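[1] after the sequence you'll find the predicted model.
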Amino acid sequence: MTHIVTRLCLRDTACVEVCPVECMVLGLPEAEWPWLYIDPDTCIDCGACVPECPYEAIFPEEEVPFDYEATAGVWIANTKELLPDGKPFEGEVDGHAVKLLNAAQLAGGEVLDLTEDITPHYDFFSEGPGYDALD
Ligand code: SF4
Ligand code: SF4
C-alpha cells in the first residue's frame, strides 16, 4: 500500500520535508503531471505527510474517496484534458501562496471520484518522469 495525492493538491510542497523516505516528487512538466506524486514502491505508509497538507489532499490508498463531496470554494488542479474549464491561477488559498497552471474553484456540492487519481501515481513512477527522479 501507499499514500496517494489527489487533485486537491495545490503544489505548495508543504508535505515534502517530513517524508522519512523522501518518496514525494513534484510533478513536472506541470501540464502533464499537475500534482505532487508519491512513489508507491518506496512509501512506508507512515502517514507523516497527511497532517502537513493544508488542503487535505493526501489519503492512504485504500481510503481515497470515490464520493468526495466538495465544500464551497475548494480548489482542484488537473490536466487540461481532465479539467477543461480550468484556468491558470496565482494567489493565496487558505493563507498559502500557490501558483497553478490549470485549476478551478468549485461552487460546492460537486461529487468527485478521487480514486481516479490513484493510477497516475503508478504511471508517474513507471513510465513518467518519476522513474528517474528518485535514483
Ligand atoms: S506516508 Fe510517510 S512514507 Fe508515505 S509519502 Fe507520506 S510521509 Fe512519505
Ligand atoms: S502539502 Fe498537500 S497541497 Fe502541498 S504539495 Fe503536498 S499534497 Fe500537494
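    All right, it came through fine. Numbering: from 1, shown residues only. Ligands and ions are numbered 1, 2, ... in the order given.
[2] what count of nearby residues applies to Glu63?
    Applying other CB atoms under 10 Å, we find 10 other residues in the vicinity of Glu63. Using the backbone N, CA and C atoms, a C-beta is placed for each residue, glycine as well.
[3] could you do the one 10 residues further on as well?
    One way to gauge burial is a neighbour count; for Gly73, by other CB under 10 Å, it gives 11.
[4] give me phi/psi at it?
    Taking degrees, to the nearest 10, you get phi 90, psi -10 for the backbone angles of Gly73.
[5] gap between it and ligand 1?
    Using CB to the nearest ligand atom, to the nearest Å, Gly73 is found at 26 Å from ligand 1.
[6] what does Glu69 give?
    Spatial separation of Glu69 from ligand 1 under the definition CB to the nearest ligand atom is 24 Å.
[7] now do the residue lying closest to that residue once chain neighbours are set aside, the pLDDT please.
    Distances taken as CB to CB, 6 or more residues apart in numbering put Val111 closest to Glu69, at 5.4 Å, once the chain neighbours are dropped. Looking at Val111, its pLDDT is 98.
[8] and Ala133, by the same measure?
    At Ala133, the model reports a pLDDT of 66.
[9] list the contacts of the residue nearest to Glu69.
    Each residue near Val111 by CB atoms under 8 Å, 6 or more residues apart in numbering is listed here: Asp67, Tyr68, Glu69, Ala70.
[10] ranking by neighbours, what's the top pick from those residues?
    Neighbour counts for the contacts of Val111 (other CB under 10 Å) peak at Tyr68, which has 20 neighbours.
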